[in-house]
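J.: Test case, fold it:
(one chain, ligands or ions: 2)
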Amino acid sequence: MRTWLSNVVAATRTLAEGMFVTLRTFTQTYRRGTFTGHFAYPEKPVPIRPRYRGFHRFDLTACIGCDKCAKACPVDCIYIDKEKAAAPLKGFHVTGFTIDYTKCMFCALCVDPCPVDCLYMGSTYDLSAYTRDSCLVDYAKLPLAVAWGPATLDPPAVAASKTVSLPVWVKS
Ligand code: SF4
Ligand code: SF4
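T.: Numbering: from 1, shown residues only. Ligands and ions are numbered 1, 2, ... in the order given. Okay, here's the model as predicted:
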């Protein structure tokens, strides 16, 4: 009888504790409002942390085509096309700098080896697309203000870059 009573007391106490947690969470949620009440994407996006790793920022005018970022990438998702600069110039012209975002895992291992600091993780997280091809972003075909600027990528700019055949450093 004593065991039965202690089991009933333990069960009642456990139930009360569980209900207290539920009730406390419910009232907290009610007081602070819902998440969607504060943020309404895309008009009011969720703020991000200063060290957030979003889609890359890339400065084509500084890149020397050394391939160090591509070699550091653990999933081999950076594809660099380059051609030798005509004499008397030295080095390479980068004609393509494509990152495959179907493979990229935003680890930032490509950023540190860059000797000229022209590749960073940006703050953009919005590159929604309906096709896999849209996830291949050729930074050499994007306007510099989009590829390197604080606004970085946006889907219309990436879609427009698919129709560009020459890298942006080639003057029309
Ligand atoms: S963030 Fe990581 S996975 Fe993405 S391109 Fe850079 S090294 Fe590769
Ligand atoms: S490491 Fe930097 S300079 Fe070298 S290819 Fe990559 S982005 Fe260009």
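
J.: Domain map for the protein?
T.: Listed by automatic domain parsing, the domain ranges of the chain are 2-33, 56-161.

J.: who wins for proximity to ligand 1 among these?
T.: domain 56-161 (3.2 Å; Cβ to the nearest ligand atom). C-betas here are computed from N, CA, C, even on glycine.

J.: Is that closest one positioned near ligand 1?
T.: Yes. Counting by Cβ under 6 Å from any ligand atom, ligand 1 has neighbours in domain 56-161: 72-73, 75, 77-78, 99, 104-110.

J.: would CSV of the domains of the chain with mean neighbour count and mean pLDDT be doable?
T.: Compiled in CSV, the domains of the chain are given as follows (neighbours: other Cβ atoms under 10 Å; pLDDT from 0 to 100):
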stretch, mean neighbour count, mean pLDDT
domain 2-33, 9, 92
domain 56-161, 16, 87
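
J.: Go ahead and list the helix or strand containing residue 37.
T.: helix 35-38 (DSSP states H and E).

J.: Please, which helix or strand holds the residue nearest in space to the middle of the chain?
T.: With distances taken as Cα atoms, centre = their mean, the chain has residue 54 as the residue nearest its mean C-alpha position (2.5 Å). Under the criterion of DSSP H and E, residue 54 resides outside all helices and strands.

J.: Isn't it up against residue 122?
T.: Yes. The criterion here is Cβ atoms under 8 Å, and residue 54 meets it with residue 122 at 5.0 Å.

J.: quick one, phi/psi of residue 134?
T.: phi -70, psi -20 (degrees, to the nearest 10).

J.: how close does it get to residue 35?
T.: Going from residue 134 to residue 35 by Cβ to Cβ, to the nearest Å gives 28 Å.

J.: same check, this time on residue 98
T.: Taking Cβ to Cβ, one finds residue 98 at 35 Å from residue 35.

J.: Take the residues of domain 56-161 next to ligand 1 and keep only those in helices.
T.: residue 72 (DSSP state H).
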